[in-house]
Each structure stands twice: as structure tokens, then as C-alpha cells.
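> Fold the stuff below for me.
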Amino acid sequence: MMHGSIFAADWLATAWQAIAQATLMLTVVGLITALLFRQVAVDSWRLRCWLLSAVLLQGVMLYRAPIHLGWIPTQVQPHLGPATTTTEADWGRRIAPTIDAGKAWAGGLSRLQSESPVQDWRGLTWWIRSHAPRLVAMLWFTITITIIALAGLRYLRLLRVVRCLEQAPVAWQRMWQKVANESRGSDLSLQTEMLVSRTVGPLVVRRPNGYALIVPQEYWRGLSEVQQTGVMLHEWSHIQRRDVWRQLAARMIATLHWFNPVAWWALREYEQAAELACDHRVARHGRAAAA
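Just a heads-up that it's a prediction; the model follows:
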């Protein structure tokens, strides 16, 4: 049990070091990109998406893989003698430092309880310095899991609400299917339906059995047919672009760097660029749809 806890703590400390390096790269690239956006007007939504994707991808470069270059000779390690098998005595000598460290840590705790306040403060400082990486790693891991769990609960709650919604009128359903079938490059294998609500929408929801377009009933009735078509084209563009999965991946990266405001800035800008991309696709269908 003790070896398992030591292994878990070491793994957390290693993961935290990797996250720290990745968030440093994300911060540097994000600040450079923000400065670029401020100095140069990047009107192309496609270029903005690529730049912001490059910023977010810095957050998942957590591991270093060794690369061997063929034209560089490798260093030959000196031969230290014949190979030996690990015996029980050798194993005992290897884990002896770990056991001694545990005894020293226990002794340090007992001394903290019996010695003077100055010595207690020194012992506490030593304990914090030696265990700070693991404590920080555990804090990062706990908050990350909490954010992911809360997001999962919100999604399940949304699915529960969607399950209770009613089907849209037949005329609206036909218009939605017409937009989906006439869209350039549409995937007819995607299962989509149109639902109505009182306040939610318009938005597209990914469910286990396919997509669903949700529109607020009173708001939808107040739109003209051209406006309804424009909204449908915009939402269908999200489905075509697979924005649900792209933004899910972007949010997962931002969640790993929940302490870094640059990550959340990049996520917000990325989602805004996706909205502009869908508007650009709607504008291709003529001035009426663009308006």
C-alpha cells in the first residue's frame, strides 16, 4: 500500500511538471497570437481558427519523445561488467532509501510535536518544501476532475430536458430537412430532427442517437421564412463542421489548464471564430440569407 501511494504521488508530480511546461508554451504562444490580433486585422475566420488551434494544441504537448537522428553517432556506454540478476538482497538495498526516508519523515513529525516553536517552524517549512509539488499536483488533479464531472452533469441535465421536448410542426420539419439536403457537402447519414421549447435555443444538441435542432416556439413564429432559413443554415453549418467535437476537444484542453487565463481566452476566441465561420457559410446562399 505504501509503495502504491508513493507511485501515485510521483505520477502526479510528473504530470504536474508536464502540465507546467505545456501551459508555459501555451501562454507564450497565446500572448504572441493576441498581440498579432491586436496589431493586424485578421479578417479570415479560417486563419483565426488555425492560429487559435495552434495555441490550444500547445496545451497537450505533455510528453517528450526521443528522436534519433541517423547522421549523429550515438554515444556508446562503457561496459561495466557482466550482467547480474537482481536478488532479494539487491532489492532490499534498493528500497532501503525509501524506507529510511519514510522513517525520517515520521521522525520529523514527532519532533515537530515536541520541539521548540522555532524548530517546529523550520520543520514545517521543510515539510512544505519537500511535499509542495505533490500537494499542488493533487490540487490540480482534483479541480480538473471536478470541472469535468460538473460539465458531464450539465450535459446529462440538458439531455433530460431535450428528451421532454415536443416535435416541431410538420412545416418546420420539412424546411429543416430541405436545408440539410440542399446544403453543399451535407452528410445525409446524419440523423437530425427539430424540437421546440419555450425559451431554449436556437441551438444544436448532440445526442447519443444523433443531432437535434432546438428552437424557441414563440421566437420562431415571429421570424420570416428567410430569417428561419438563415438560422437553419447557420446551425446546420455547425453540424457540417463537426463543431461539437472540435469545441469539446478545445474545452478539454482548457480544462487541463484551468488556472491559465490565456487558455480560456483562446477557447473563447476559438468558439467565436467558429460562429463567424458558420455566418460565412450562410452568406454564400445569397444576400437574403446573409441579411
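> Helix, strand, or coil at Tyr211?
strand (DSSP: H, G, I helix; E, B strand; the rest coil).
> mind checking which helix or strand of this structure has the lowest mean pLDDT?
The helix or strand of the chain with the poorest confidence is helix 88-114; it has a mean of 57 (mean pLDDT, DSSP states H and E).
> Tally up the residues packed near His285, please.
Neighbourhood size, His285 [other C-beta atoms under 10 Å]: 16. Where you see a C-beta, it was placed from the backbone N, CA and C, and this is true even at glycine.
> How about it: what's its closest non-neighbour residue?
Excluding its sequence neighbours, the residue lying closest to His285 (C-beta to C-beta, 6 or more residues apart in numbering) is Leu233, at 6.1 Å.
> and that neighbour, how many neighbours?
Leu233, neighbours per other C-beta under 10 Å, totals 22.
> same deal with Gln228?
If you count neighbours by other C-beta under 10 Å, Gln228 ends up with 18.
> List the buried residues in the helix or strand containing it.
Counting by DSSP states H and E, the element that carries Gln228 is helix 225-240. Along helix 225-240, these residues count as buried under the neighbour rule (16 or more other C-beta atoms under 10 Å): 228-240.
> what's the answer for stretch 208-228, then?
Buried residues in stretch 208-228, counted by 16+ other C-beta under 10 Å: Tyr211, Ala212, Leu213, Ile214, Val215, Pro216, Gln217, Trp220, Gln228.
> Tell me how far Arg241 lies from Arg46.
As judged by C-beta to C-beta, to the nearest Å, Arg241 and Arg46 stand 11 Å apart.
> okay, and the common contacts of these two?
Ala277 (C-beta atoms under 8 Å, 6 or more residues apart in numbering).
> neighbour-wise, which of the two wins?
When neighbours are counted by other C-beta under 10 Å, Arg241 comes out ahead of the other of Arg241 and Arg46, with 16 against 12.
> mind listing what the more buried one touches?
Arg241 neighbours (C-beta under 8 Å, 6+ apart): Ala274, Ala277, Cys278.
> Could you rerun that using 6 Å?
Contacts for Arg241 (C-beta atoms under 6 Å, 6 or more residues apart in numbering) come out as none.
> again with Gly59
If a contact means C-beta under 6 Å, 6+ apart, then Gly59 has Ala22, Leu26, Ile253, His257 as its contacts.
> Relative to Ala277, how far out is Trp265?
Look at Trp265 and Ala277: by C-beta to C-beta, they are 19 Å apart.
> Cheers, nothing more for now.
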